[in-house]
Each structure stands twice: as C-alpha cells, then as structure tokens.
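**Q** Got a sequence here, can you model it:
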Amino acid sequence: MVLLNAEGKSAPQIAKLHKRQPYTVRDWIKCYIAYGIKGFNRKFSPGRPKEKRKK
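**A** Have a look, this model is predicted:
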C-alpha cells in the first residue's frame, strides 16, 4: 500500500486493488510515515482469542 502510494496512487485506488476501505489504507500509510517499517508490527492479534481467558 505504501509503495503504491509512493508511486502516486490515491487511497481509494489502492483500497480497490487490495479490497480494503480507503481509511484502512490511510491508516497504514500514516503508521509508516510516523514509525517507518516498525509501524507495521502489531502488538495484538485481531479477532477472537483462541480460547476463553480466565478471570
């Protein structure tokens, strides 16, 4: 997404190519601008946990 943006593609164009929403593309680009490659690391796993957590 970032490379396509650097080539001049807009967020809506990139979103259509990757079947994502334009705001998702913009978020990834903002992360890259703010933190570089390290901005792509996630500290969490999206989605439902594999097993129920104990309280």
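
**Q** So C31: helix, strand or coil?
**A** The three-state label for C31, taken from DSSP: H, G, I helix; E, B strand; the rest coil, comes out as helix.

**Q** from what I can see it touches R42, true?
**A** No. With the criterion set as C-beta atoms under 8 Å, C31 and R42 do not qualify as a contacting pair; they are 10.1 Å apart. For the C-beta atoms, the positions are set from N, CA and C on the backbone; glycine is no exception.

**Q** more crowded one of these two?
**A** Using other C-beta atoms under 10 Å, the more surrounded residue of C31 and R42 is C31, with 16 against 6.

**Q** what about that one, distance to R48?
**A** 24 Å (C-beta to C-beta, to the nearest Å).

**Q** do A34 as well
**A** Here the distance between A34 and R48 works out to 28 Å (C-beta to C-beta).

**Q** what stretches of this protein score poorly on pLDDT?
**A** 44-46, 49, 53-55 (pLDDT under 70).

**Q** Where do the helices of it begin and end?
**A** With DSSP state H as the definition, the chain shows helices at residue ranges 2-6, 11-18, 22-35.

**Q** Report the inter-axis angle for the second one versus helix 22-35.
**A** If you take axes from the mean of the first three to the mean of the last three C-alpha atoms, to 10 degrees, helix 11-18 sits at 110 degrees to helix 22-35.
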